[in-house]
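# no sequence for this one, just the structure:
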Ligand SMILES: Nc1ncnc2c1ncn2[C@@H]1O[C@H](COP(=O)(O)OP(=O)(O)OP(=O)(O)O)[C@@H](O)[C@H]1O
Ligand SMILES: [Mg+2]
């Protein structure tokens, strides 16, 4: 007998029925996979609960003894600017995401709906550009930023970040928009709607889940990317984003590991909340009933 | 208002000529159906009339004005798509209201018109729902509603019922005919379902490979097809074509030799062609439903390989020695015949059609007005 984990056996489709051995194998596999993925986070969280002295005790104990959340309080005292770093990170990521969306949504629509000369070339070039990571182009970018006088400003961290995120976003959204039936455009055209009206009233609402995916991907991308740009293009502490700000916990003599871990979790929390809210808009099947497939 | 003329209209995609010099006049208030096999260019022609497809050559005139370069709205045309093309994120109300919103009509007018359209189409109780929650027939009605609120002069339908099941299709067919009566607007309707064509059309346009094979009232096409293509396309099961040799041609018609029998079919033959015709091969066309059991003008002894008993009728298929296709016959009611048992069937020469070696028909000497319902009086 299989375990009644989600549904009773009778209500399951035949293809979804597994024997006990298979079920154990499946969950063991899932557990192993999750453990490898999450082990660093678990360890990080446990470290944040331990007093600093216990971290260097031998033998090393995995479980915190008399663990407490005190690191989550003291971290704010050790690095008073920490709140500012979180704010900077969010600002850079949110502004990058907004810039990317403003540019990418119309561009993806154009690439999805219009035929024009050189389209394949441009799309290919986008793909080629996104193969370079920003890191490869740091030196030329640095010179460019210096010439434009953008070093040590928010712009230096936002603009290159956004630029590197655009190609992938266009590809992603274009694919999504190509799935919107062309008949909807034709029907709107028959009803007298202009291209722009159709885009705004028909295409945009239908493409919303796709735009949300792009927004989430871009936000995460911008969040992950900012470290390298901040490190190279910015030396002002008040503009530093979270990943660079965490270096403040590396003291002269020692690293305050428990506070560093606590700060990491606290720092990520706002981003997690934003992503959580964005993904609620990822309603699938919004085109149901548009055309008969 | 709503009179359409096509003058030598051509459409090519690259080198591929899809619509070949089509000329056609559609009267105001007429219900015209385009039929033809898949790929013959029906949709392309319709989309050119709609203004969705550029016209390669020729002129499209509406009420005497050339509209080739006008967008659909300026042509006064609305179209219902095969795939409904409803806006999935809008309610039924907003879907129907869409053309009016584009025009920036006042809210009060929008409400009145949408409610009037919804009443005609029995959608009153569905106005707040999204298209995704509607059945196929209801979705198609919403699409029609969106077309009628703008009060166009010409409606275009591209196979609007082909996604519906058979029962619903029959219902919608009747509703569309009713709608046409109610609105008395010009309607052009594409289908490959000949039942739809025969039942709804004032006139049928049979398209074949991008040109018009014949235009005429449904029963005129049935009784007087001008060529083998139309003869084979209209009528189900399709007409049997039997190769026969001409013995003579006269005022009475053409006398042919068929399996040792001499049959005289009453058709008009131009006097100058009569002499050359003798001895040539022509096709004798006879519809399956005109074949009966027992004696008649022409008798054939056949052995059906398959007999289908439908209750309402009995359909048999047999191999004839000089015929590639199956010889098909339809008998009324349930007939006591079996496959692989030979039986004598016959047909009357008055039901026969004769086609020359190019597939063109000799006009039958029949009184069409006695066989067709009177043409409807088109309202002005
Ligand atoms: N955009 C296009 N580019 C190239 N060829 C096309 C295009 N649209 C249609 N065709 C070709 O034109 C021909 C006629 O197409 P059309 O859609 O008008 O056929 P149809 O009569 O409506 O057929 P069906 O009954 O299957 O809908 C087809 O052979 C098709 O391949
Ligand atoms: Mg078609």
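Nice, thanks for sending it over. This structure is a prediction, so every number in the text was calculated from the model and none was measured. Ligands and ions are numbered 1, 2, ... in the order given.

# from chain B, how far out is the residue of the stretch 151-293 of chain A found nearest ligand 1?
Using C-beta to the nearest ligand atom, the closest approach of the stretch 151-293 of chain A to ligand 1 is made by residue A:182 at 10.7 Å. No exception for glycine: its C-beta is placed from N, CA and C like everyone else's. Between residue A:182 and chain B the distance is 9 Å, computed by C-beta to the nearest C-beta, to the nearest Å.

# same check, this time on residue A:85
For residue A:85 relative to chain B (C-beta to the nearest C-beta), the value is 40 Å.

# quickly find the element holding that residue.
helix A:82-113 (DSSP states H and E).

# and the helix or strand following that helix with helix A:82-113, angle?
Toward the C-terminus, helix A:82-113 is succeeded by helix A:119-131 as the next helix or strand (DSSP H and E). Put simply, helix A:119-131 runs at 160 degrees to helix A:82-113, going by axes from the mean of the first three to the mean of the last three C-alpha atoms, to 10 degrees.

# what pLDDT, on average, does helix A:119-131 get?
The pLDDT scores in helix A:119-131 average 88.

# show me what it is packed against.
helix A:82-113, helix A:154-178 (3 or more C-beta pairs under 8 Å, 6 or more residues apart in numbering or on different chains; DSSP states H and E).

# show residues contacting the following helix or strand past that helix.
Toward the C-terminus, helix A:119-131 is succeeded by helix A:138-148 as the next helix or strand (DSSP H and E). Contacting residues not belonging to helix A:138-148 are listed as A:134, A:151, A:156, A:160, A:228, A:232-233 [C-beta atoms under 8 Å, 6 or more residues apart in numbering or on different chains].

# report the beta-bridge partner residues of residue A:255.
residue A:250 (DSSP bridges).

# domain assignment for the chain?
The chain I'm using is chain A. A:16-75, A:79-287 (automatic domain parsing).

# I was thinking of chain B, sorry if that wasn't clear
Taken from automatic domain parsing, chain B resolves into B:4-228, B:229-370.

# got TSV for those, with distance to residue A:93, mean neighbour count and mean pLDDT too?
Formatted as TSV, those follow (distance: least, C-beta to C-beta, whole Å; neighbours: other C-beta atoms under 10 Å in any protein chain shown; pLDDT from 0 to 100):
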stretch	distance to residue A:93	mean neighbour count	mean pLDDT
domain B:4-228	29	19	92
domain B:229-370	64	16	90
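
# with distance to chain A as extra columns, can I get the ones you listed in CSV?
As requested, the domains of chain B are exported to CSV (distance: least, C-beta to the nearest C-beta, whole Å):
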stretch, distance to chain A
domain B:4-228, 3
domain B:229-370, 25
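
# so for residue A:124, which of those sits nearest?
domain B:4-228 (24.4 Å; C-beta to C-beta).

# centre of the chain to stretch A:54-66, how far?
34 Å (C-alpha atoms, centre = their mean, to the nearest Å).

# can you give me the end-to-end span of that stretch?
Stretch A:54-66 has an end-to-end distance of 10 Å (criterion: C-alpha to C-alpha, to the nearest Å).

# buried residues, that stretch. List them.
Going by neighbour count (16 or more other C-beta atoms under 10 Å in any protein chain shown), the buried part of stretch A:54-66 is A:54-55, A:64.

# contacts for it, please.
A:43, A:46-47, A:49-51, A:257-258.

# same thing but at 6 Å, please
A:46, A:49-50, A:257 (C-beta atoms under 6 Å, 6 or more residues apart in numbering or on different chains).

# same check on stretch B:43-61?
A:186, B:5-12, B:18-19, B:66-68, B:71-72, B:75, B:77, B:79, B:156, B:158, B:190.

# can you check stretch A:152-167 too?
By C-beta under 6 Å, 6+ apart, stretch A:152-167 touches A:92, A:95-96, A:99-100, A:104, A:126, A:129-130, A:134, A:141, A:145, A:150, A:218, A:221-222, A:225-226, A:229-230, A:233-236.

# can you do 7 Å?
Contacts to stretch A:152-167, defined as C-beta atoms under 7 Å, 6 or more residues apart in numbering or on different chains, come from residues A:91-92, A:95-96, A:99-100, A:103-104, A:126-127, A:129-130, A:134, A:141, A:145, A:150, A:218, A:221-222, A:225-226, A:229-230, A:233-236, A:239, A:241.
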